[in-house]
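**Q** sharing a sequence plus its predicted fold:
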Amino acid sequence: MKKMLVGAALLVAAPVYAQAQSLQPGGAYVGLEGGLNWMLNNSFTSTVTVAPFFTGSSTANASFNTGYVLGGVVGYDFVGPRIELEGAYRENNGTLTVNGINGSAGINFSQISVMGNVYYDFMAGGSIVPYIGAGAGVAFLNVGALASTMTSTQFAYQGMVGVGYNIDSTFRLNLEGRYYGTTTPNFVHTGNAAGFGYSVSTNPQNNNFSLMLGLQMRFGAAPPPPPPPAPAVAPPSFMV
C-alpha cells in the first residue's frame, strides 16, 4: 500500500515539476530595458586658468532633474547564473550655479555605457525569481553647459537587485533597482576671451541610482529535462 501511495504522489507531482522547469529552460536571450535615473552628486570644484595671469578654483552646484535610462541586453541563462552584454544610455538635465557668480545656466549630462554583467537567480525555474547582479565596463560621458561641450571616457561599474517574473518559457519581466557609477572624469574646456586663452577643468563624481523595468525573450533553449520516472508499483495481491 505504501508503494502505491508514493507512486500516485509522483504521478500527480510530475506535471507540476515539468511546468516549473519549463518556465525557465535556460539558453540565449535578448532584452530591452528602461526606467528612471537619478544622479546622486551635485557639488564639484572647477579650476579656471587664464594663462599666464590667473589660476583659481570655484565650487559649482548642479541640481539635476529626474532623468531616464534606456538599454538592451544579449545574454545566456544557465538556470541560476546568467551572463549579459549590455548597452545603455542615460541622460539627466538640470541647473548649474557657481559660487560668487549671480545667475544660473542649464546643464545636460549624458552617458553611454557598455557593460559585462553577471547575475544569479534564486528559485530559478519558478514564476517569481529574485536575483542579484554586478557588472563592469566602459562609459562615454558628455556634459554640456555654458555653450560648451566636454567629453570623457571612464571605467564603469554597477550593482543590481531585482525580481523577475517568468510569464512563460519564452518571456520574462524584470523589476530592478541599480547603482551605477564611474571613475571620476576630468572635463577640460579651453577657449579664448578678451584676447586671453583660458581653460576650465572640472572633476565631478558620477554616481547614479536607476529604477528599471525590462522584458526578455529567450530563444534556442533546450527543452526541459523530463521528470524522474515513477517507481514501478506491484499490482495488489489477493493471496492470503
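**A** Now that the structure is in, tell me what you want to look at.
**Q** just the helices from this structure, written as ranges.
**A** Along the chain, counting by DSSP state H, helices occupy 2-22.
**Q** could you give the bridge partners of the spatially most central residue of it?
**A** Geometric centre of the chain, nearest residue: residue 178, 5.7 Å, by Cα atoms, centre = their mean. Note on residue 178: beta-bridge partners by DSSP bridges are residue 160, residue 210.
**Q** residue contacts, it?
**A** Applying Cβ atoms under 8 Å, 6 or more residues apart in numbering, we find residue 178 in contact with 158, 159, 160, 161, 209, 210, 211, 212. For glycine as for every other residue, the C-beta is placed from the backbone atoms N, C-alpha and C.
**Q** can I get stretch 124-131 in PDB, CA atoms only?
**A** This file holds the C-alpha atoms of stretch 124-131, laid out as PDB (Å, rounded to 0.1, in the frame of the first residue of the first chain):
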ATOM      1  CA  ALA A 124      15.300  29.700 -10.900                       C
ATOM      2  CA  GLY A 125      12.500  27.900 -12.800                       C
ATOM      3  CA  GLY A 126       9.600  29.300 -10.800                       C
ATOM      4  CA  SER A 127       7.300  32.100 -11.600                       C
ATOM      5  CA  ILE A 128       8.900  34.600  -9.200                       C
ATOM      6  CA  VAL A 129      12.700  34.800  -9.400                       C
ATOM      7  CA  PRO A 130      14.600  37.200  -7.100                       C
ATOM      8  CA  TYR A 131      18.100  38.000  -8.300                       C
END
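**Q** contacts for it, please.
**A** By Cβ under 8 Å, 6+ apart, stretch 124-131 touches 20-21, 23-24, 79-80, 82, 119-123, 160-166, 172, 174.
**Q** list the buried residues for that stretch?
**A** Buried residues in stretch 124-131, counted by 16 or more other Cβ atoms under 10 Å: 124, 125, 126, 129, 131.
**Q** let me know the pLDDT of residue 42.
**A** Predicted confidence (pLDDT) for residue 42: 73.
**Q** check contacts around it.
**A** Counting by Cβ under 8 Å, 6+ apart, residue 42 touches 61, 62, 63, 64, 94.
**Q** list just the nearest of these to residue 230.
**A** Using Cβ to Cβ, residue 64 comes nearest to residue 230 of those, at 61.1 Å.
**Q** show the buried residues in the contacts of stretch 124-131.
**A** Neighbour counting over the contacts of stretch 124-131 (16+ other Cβ under 10 Å) leaves 20-21, 23-24, 80, 82, 119, 121, 160, 162, 164, 166, 172, 174 as the buried ones.
**Q** from these, which one has the minimum pLDDT?
**A** residue 20 (46).
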